[in-house]
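Participant: All I have is the shape, not the residue letters:
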């Protein structure tokens, strides 16, 4: 791959071809190749669809798209080196042992290992003109999604997913903000040995380059596939669940990208947190409402579930009786897995995940609400990623411990009156 094509004329043939084939379920290997090469919106959209926890995305398609969570198709090293030289000026001469093979190639940039004064570092370098390609893709895909939804009404959340993809990518383009998020999370987690957040090398970072410490480890997907110890997998799952509780309920600042490629597991079993481009702030009022919804579902209070669900735009009392019943059942069934009598929960048991997915899919088909609280889309993608993690790990885990931790956060996030 010599360069990133950004104009509508350059991108539209491959993007249209990949989109049609993807939803037709044909030639999926070629679809994967095109999405990886186009970067930007297509690759991010493929990543999010590969982690979908509803039955909207067919399992075969999700399996084919899963490699997009890891290493995509990288630009040639010469292009990255030219960007480093252009942006770093004289400091470029201090870079040694630059490794041509990318450690990872994402939707807006790729990562390479190098050394500065014999210190191992990584450079995260933004693709040239990637912002332009995002707007080009949206101009093409937005009307296409509307046509597709008209033809197939069951695909009603495609445009929502597309808008979410664009918003995520726009946030991730801001490397200045990402560096601040890196520093924030490092300061918050510095005393907890379970987590490692790389330090930023400010003098070698710009608005399109982030230079940070290098930390060794295996990608989370590889860890899940290779690890034979159930206790080791449970420890990693617990670390990620604990981290989410702190992020959302304590700090109000959540890394919302569910991509497993954002994490490494080192030889000591510690989590290396790599990517903070999709960090989102959640207001105290939103967090209060959401915690109240969870508590209402946990204690099976239908009236309060509907009240807080309506406040968050998840349900409306004018919905038909079937939609309301399914909404109540889905929330109560989901939170029931935090009840003592259901624990420990065995995620090897397909009946558990199948029950939740089937109820969620039935709700999706009958519900008319199409404008949930804007924060909800990002939050539920992260929660869907955590659910996918537990399902993929096939572990047995006691979720009552996490409900106690959630309730203990009431001091940080009090319920609304």
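Facilitator: Done, it's in. Treat the numbers as computed from the prediction; the structure is a model and nothing was measured.

Participant: And the helices in the stretch 151-300 of the chain?
Facilitator: Ranges of helices in the stretch 151-300 of the chain, per DSSP state H, counting those that start in this stretch, are 158-172, 175-189, 220-226, 230-245, 284-298.

Participant: Could you export these as TSV, including mean pLDDT?
Facilitator: Shown next, in TSV, are the helices of the stretch 151-300 of the chain (pLDDT from 0 to 100):
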stretch	mean pLDDT
helix 158-172	74
helix 175-189	96
helix 220-226	92
helix 230-245	96
helix 284-298	94
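
Participant: Make CSV out of the ones you listed and add mean neighbour count and distance to residue 338.
Facilitator: For the C-beta atoms, the positions are set from N, CA and C on the backbone; glycine is no exception. Listed next are the helices of the stretch 151-300 of the chain as CSV, based on neighbours: other Cβ atoms under 10 Å; distance: least, Cβ to Cβ, whole Å:
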stretch, mean neighbour count, distance to residue 338
helix 158-172, 19, 27
helix 175-189, 17, 25
helix 220-226, 16, 23
helix 230-245, 17, 11
helix 284-298, 19, 6
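
Participant: a markdown table for those, including distance to residue 377?
Facilitator: As requested, these are exported to a markdown table (distance: least, Cβ to Cβ, whole Å):
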| stretch | distance to residue 377 |
| --- | --- |
| helix 158-172 | 5 |
| helix 175-189 | 20 |
| helix 220-226 | 23 |
| helix 230-245 | 16 |
| helix 284-298 | 12 |
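
Participant: Those: which one's closest to residue 323?
Facilitator: helix 284-298 (16.3 Å; Cβ to Cβ).

Participant: which helices and strands does the helix or strand hosting residue 381 pack with?
Facilitator: Residue 381 is located in helix 374-393, with elements delineated by DSSP states H and E. With contacts defined as 3 or more Cβ pairs under 8 Å, 6 or more residues apart in numbering; DSSP states H and E, helix 374-393 has these neighbours: helix 158-172, helix 220-226, helix 230-245, strand 253-255.

Participant: quick one: the longest one to helix 374-393, angle?
Facilitator: For helix 230-245 against helix 374-393, the angle between stretch directions is 180 degrees (axes from the mean of the first three to the mean of the last three Cα atoms, to 10 degrees).

Participant: If I take helix 230-245 and helix 175-189, what angle do their directions form?
Facilitator: Our comparison of helix 230-245 with helix 175-189, counting by the same axes, to 10 degrees, yields an angle of 120 degrees.

Participant: which strands and helices sit next to helix 230-245?
Facilitator: Judged by 3+ Cβ pairs under 8 Å, 6+ apart, helix 230-245 is in contact with helix 220-226, strand 271-273, helix 374-393, strand 396-397, helix 400-408.

Participant: before we move on, could you check phi and psi at the residue located most distally from the centre of the chain?
Facilitator: Taking Cα atoms, centre = their mean, the residue of the chain most remote from its mean C-alpha position is residue 90, at 36.5 Å. The phi and psi torsions at residue 90 (degrees, to the nearest 10) take the values phi -60, psi -30.

Participant: Residue 201 too?
Facilitator: Phi and psi for residue 201, reported as degrees, to the nearest 10, are phi -100, psi 90.

Participant: what residues are up against the nearest residue to it once chain neighbours are set aside?
Facilitator: Spatial nearest neighbour of residue 201, excluding adjacent residues (Cβ to Cβ, 6 or more residues apart in numbering): residue 211 at 4.0 Å. Contacts for residue 211 (Cβ atoms under 8 Å, 6 or more residues apart in numbering) come out as 116, 121, 122, 123, 124, 200, 201, 204, 205.

Participant: per-residue pLDDT, residue 211?
Facilitator: pLDDT, residue 211: 98.

Participant: Could you measure from it over to residue 321?
Facilitator: Using Cβ to Cβ, to the nearest Å, residue 211 is found at 57 Å from residue 321.

Participant: With residue 304 instead?
Facilitator: Applying Cβ to Cβ to residue 304 and residue 321 gives a distance of 19 Å.

Participant: in the sheet, who's paired with the residue nearest to residue 201?
Facilitator: Beta-bridge partners recorded for residue 211 (DSSP bridges): residue 123.
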